[in-house]
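Asker: mind looking at a prediction? Sequence and model below.
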Amino acid sequence: MVHFVDSVLRFGSPLWIFAFLLCLAVWTTTAQAEPDVVGPPQPIIAISGDDVILPCHLDPPLNVQRLTVVWSKPDLKPDPLDRLSRVEYVHLYRNQHEVPDMKIQSYVSRTALSADGLKRGNISLKIRNVTVADQGRYKCLIPKLKSEVKEAILELVVEQRSVETWTKETPLHPRDLQTPDPKDESGDTVGLQYLHILIPMLVVLLTVVGAFLGYYLLNYKCRKNDLRKYGPPEEQLSA
């Protein structure tokens, strides 16, 4: 009985260490896989009359088709005549479609999100036929995102098209003036973003293998010490 208790106490420590390392690895994987809303650090420059993409995405990628996506202008003040002090939106996506209520009138029929992009966490906003009035700061927000970083702020700079430059320079084909579609904007970086998930999973796997290997070696060493201390089991002696 004493020998059994001694073995339990001796082998209990590696098991607790293994459980602790496994829980720590799983927690690390979950923490690193938590998506954050990411926007560009530099201003987006557009020419008046062109279409522009305001880039914003989740890192690592996450399907947000069933979540609410809000694009607004944080510097826009509410109407003083509105008792509820409501602020109108640039674009509001809810229940898997655009909600036109409370949309700024000047942006009606001019904004769009990519349906395919939403599946990959790309919430970039396309604005058609930008004007100087569209210039300013924009905020992309996912209110119900389970993350500490639910929003990003970016700036749009709209420059007037130069008439002199337009007449003297070689005319460009319309396709050269178009901004890439939101769904293609982050296509080249999706593989790199998935590394945030693959690397923690590899850490978990290595931790589990290392814990089992350490437990086996320690168990083997303890059994070898028991043979030296107590001798072979009674069954072997009787044989």
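Answerer: In hand now; what should we look at?
Asker: quantify the burial of the spatially closest residue to residue 63 that is not a sequence neighbour by counting its neighbouring residues.
Answerer: Distances taken as C-beta to C-beta, 6 or more residues apart in numbering put residue 119 closest to residue 63, at 5.1 Å, once the chain neighbours are dropped. Any C-beta I mention is one placed from the backbone N, CA and C, and that applies to glycine too. For residue 119, the neighbour count with other C-beta atoms under 10 Å is 14.
Asker: what does residue 225 give?
Answerer: A count of neighbours around residue 225, defined by other C-beta under 10 Å, yields 11.
Asker: residue contacts, it?
Answerer: If a contact means C-beta atoms under 8 Å, 6 or more residues apart in numbering, then residue 225 has no contacts.
Asker: from residue 106, how far out is it?
Answerer: Distance from residue 225 to residue 106, counting by C-beta to C-beta, to the nearest Å: 81 Å.
Asker: go on, residue 40?
Answerer: With the distance defined as C-beta to C-beta, residue 40 ends up 23 Å from residue 106.
Asker: those two: which is more packed in?
Answerer: residue 40 (14 against 11).
Asker: touching, the more buried one and residue 154? I think so.
Answerer: Yes. Counting by C-beta atoms under 8 Å, residue 154 is a contact partner of residue 40 at 5.6 Å.
Asker: overlap in contacts, these two.
Answerer: Both residue 40 and residue 154 are in contact with residue 55, where contact means C-beta under 8 Å, 6+ apart.
Asker: residue 111: what's it in contact with?
Answerer: 71, 90, 91, 125, 126, 127, 128.
Asker: need the nearest residue in space to it, chain neighbours excluded.
Answerer: Counting by C-beta to C-beta, 6+ apart, residue 111 lies nearest to residue 91, which is 4.3 Å off, once chain neighbours are set aside.
Asker: neighbours around the one you found, how many?
Answerer: Residue 91 has 25 neighbours, counted by other C-beta under 10 Å.
Asker: likewise residue 123?
Answerer: Around residue 123 there are 28 other residues, counting by other C-beta under 10 Å.
Asker: again, but for the one 4 residues further on
Answerer: By the measure other C-beta under 10 Å, the count of residues near residue 127 is 25.
Asker: pretty sure it sits against residue 136.
Answerer: No. Judged on C-beta under 8 Å, residue 127 makes no contact with residue 136 at a distance of 11.9 Å.
Asker: list the buried residues of stretch 125-133.
Answerer: Buried residues in stretch 125-133, counted by 16 or more other C-beta atoms under 10 Å: 125, 126, 127, 130.
Asker: what about stretch 111-121, average pLDDT?
Answerer: In this model, stretch 111-121 has a mean pLDDT of 96.
Asker: what comes up buried for it?
Answerer: Within stretch 111-121, the residues scored as buried using 16+ other C-beta under 10 Å are 111, 112, 113, 114, 117, 118, 120, 121.
Asker: out of those residues, which is nearest to residue 162?
Answerer: Nearest to residue 162, judged by C-beta to C-beta, of the buried residues of stretch 111-121 is residue 111 at 26.4 Å.
Asker: pull up the gap between the closest one and residue 69, please.
Answerer: In this view, residue 111 and residue 69 are 11 Å apart by C-beta to C-beta.
Asker: which residues do these two both contact?
Answerer: Here residue 111 and residue 69 share the contacting residues residue 91, scored by C-beta under 8 Å, 6+ apart.
Asker: contact partners of the lengthiest strand in the chain?
Answerer: Secondary structure of the chain per DSSP state E: the longest strand is strand 151-159. Residues from elsewhere that reach strand 151-159, judged by C-beta under 8 Å, 6+ apart: 37-40, 43-48, 52, 54-56, 74, 130-132, 134-142.
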